[in-house]
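Engineer: Mind folding the following:
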Amino acid sequence: MQTAYISHPDCLKHDMGIYHPESPQRLMAIENQLQATGLLSQLQRYEAPLASTEQLARVHTRDYIESIRLAAPDAGLVALDPDTAMNPFTLNAALRAAGAVVLATELVLTDKVNNAFCAVRPPGHHAESDRAMGFCLFNNVAVGVAHAIHHSHLQHVAIMDFDVHHGNGSEEIFRNNPQVMLCSTFQHPFYPYCGADSGNQRMINVPLQRGADGVIFRKAVIDYWLPALEAFKPEMIFVSAGFDAHRDDEMAQLQLCDDDYVWITQQIKAIANQHASGRIVSVLEGGYELKALGRCVAAHIGVLNAD
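Structural biologist: Coordinates of the predicted model:
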């Protein structure tokens, strides 16, 4: 079995303007790097389906889902918040992004692949149950987690979020769900300006100061994530894979390097092999410096795809 690589051309059509950092070029940079390294030919490729209302409604209110459908413009851009906008193609892109994680979940749970990476946009981990924010419309990872729990009756599912921003949407959706653990490292104080004091035994929030490097990041994972995950014993792992904590990414001020993303993927894979029969679904979140993004995603997938 191989790693599944799930995407869709619709995800390239979502465009919030020429100067917006969350651009279609992000997916192109990833695919170009995977082709250049020869890794793309080793993956099982799938096109993302459209998520259904039923799948979305496990984590979003039906009123919110309908409001996103009604907001979709026939032309031009409509702003949902100061950072997040829709063009005529955004709705389908967002439905494909969530649908990719549903498909990945099913492929992994039925042993058709070892694990999966969803190269999708818009990202999702800031989207709350009834609110779009931070470039995100639907919480893609949360949709996949809820699908896994609903269809496979898993008791413990973990989300590991190493994006430079706190996964506030994932926390809001699952904060009171004893079946889900969220492990999130993030720069603080920084957008979305929360998470530093809202953790509990299942919300393992580890704020990092501006300038924190890979040594500090790795120590945070070892000291906080790994003991919590060992106690929780997740039966499946989802990854909010953001690469904007890279030192070359001007979106934030953390100082991770390529090797740190290799290391964290190795840790995730070890936990999955120990507790979750290797089941991992990884989903693209942030990462805006295109060269660093392409390299780090390829390194991340390379570890996932290794025997």
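Engineer: Name all residues that make contact with the closest residue to Glu235 other than its chain neighbours.
Structural biologist: Among residues not flanking Glu235 along the chain, Leu154 sits closest, at 4.6 Å (C-beta to C-beta, 6 or more residues apart in numbering). (Each C-beta comes from the backbone N, C-alpha and C, glycine too.) With contacts defined as C-beta atoms under 8 Å, 6 or more residues apart in numbering, Leu154 is in contact with 148, 179, 235-236.
Engineer: quick one: which two of these are the most distant?
Structural biologist: Greatest spatial distance in the contacts of Leu154: Gln179 and Met236, 10.6 Å, computed using C-beta to C-beta.
Engineer: hey, what's in contact with both of those two?
Structural biologist: 154, 157.
Engineer: Same drill for those two, tell me which one is more crowded.
Structural biologist: Shown here are Gln179 and Met236; by other C-beta atoms under 10 Å, Met236 has more neighbours (24 against 17).
Engineer: Could you pull up the residues touching the nearest residue to the more buried one once chain neighbours are set aside?
Structural biologist: Nearest non-adjacent residue to Met236, counting by C-beta to C-beta, 6+ apart: Arg279, 4.4 Å away. Residues near Arg279 by C-beta under 8 Å, 6+ apart: 108-109, 115, 235-237, 272.
Engineer: Quick check, central residue of the chain?
Structural biologist: The structure's the chain has its C-alpha centroid closest to Ser240; by C-alpha atoms, centre = their mean the separation is 2.7 Å.
Engineer: tell me which residues form a beta bridge with that residue?
Structural biologist: Beta bridges link Ser240 to Asp161, Val283 when assigned by DSSP bridges.
Engineer: if I look at it, how far off is Val143?
Structural biologist: Distance of Ser240 to Val143, computed by C-beta to C-beta, to the nearest Å: 12 Å.
Engineer: which residues are in contact with both of those two?
Structural biologist: Gly124.
Engineer: So Leu107 belongs to a strand, correct?
Structural biologist: No - Leu107 is assigned helix when assessed by DSSP: H, G, I helix; E, B strand; the rest coil, not a strand.
Engineer: What's the local residue count around it?
Structural biologist: Leu107 is flanked by 20 other residues according to other C-beta under 10 Å.
Engineer: Just the element for Met16, please.
Structural biologist: Using DSSP states H and E, Met16 falls within no helix or strand.
Engineer: Not counting residues beside it along the chain, what's closest to it?
Structural biologist: Using C-beta to C-beta, 6+ apart, the closest residue to Met16 is Ala85 (4.6 Å).
Engineer: SS state for that neighbour?
Structural biologist: strand.
Engineer: Tell me which helix or strand comes right after the longest strand along the chain.
Structural biologist: Secondary structure of the chain per DSSP state E: the longest strand is strand 180-187. For strand 180-187, the succeeding helix or strand toward the C-terminus, using DSSP H and E, is strand 203-208.
Engineer: hmm, who's touching the next helix or strand after that next one?
Structural biologist: Next helix or strand after strand 203-208 toward the C-terminus (DSSP H and E): helix 214-220. Applying C-beta under 8 Å, 6+ apart, the contact partners of helix 214-220 are 162, 185, 206, 208, 245, 254-257, 259-260, 263-264.
Engineer: which residues of this protein fall in strands?
Structural biologist: 3-7, 44-47, 78-81, 84-86, 115-118, 157-161, 180-187, 203-208, 236-241, 280-284.
Engineer: now that we have the contacts of Arg279, which one has the most neighbours?
Structural biologist: Most surrounded of these: other C-beta under 10 Å gives Val108, at 29 neighbours.
Engineer: Give the closest residue to that one in space, chain neighbours not counted.
Structural biologist: For Val108, the closest residue by C-beta to C-beta, 6+ apart turns out to be Arg279, at 5.0 Å.
Engineer: distance of that neighbour from Asn115?
Structural biologist: When distance is defined by C-beta to C-beta, Arg279 is 7 Å away from Asn115.
Engineer: Likewise for Glu235?
Structural biologist: Taking C-beta to C-beta, one finds Glu235 at 14 Å from Asn115.
Engineer: Repeat that for Arg26.
Structural biologist: Per C-beta to C-beta, Arg26 is found 21 Å from Asn115.
Engineer: Also Gly99?
Structural biologist: 18 Å.
Engineer: Which per-residue confidence value corresponds to the nearest residue to Phe89 once chain neighbours are set aside?
Structural biologist: Ranked by C-beta to C-beta, 6+ apart and with sequence neighbours excluded, the top spatial neighbour of Phe89 is Lys13, at 3.5 Å. pLDDT for Lys13: 98.
Engineer: Kind regards, and thank you for your time.
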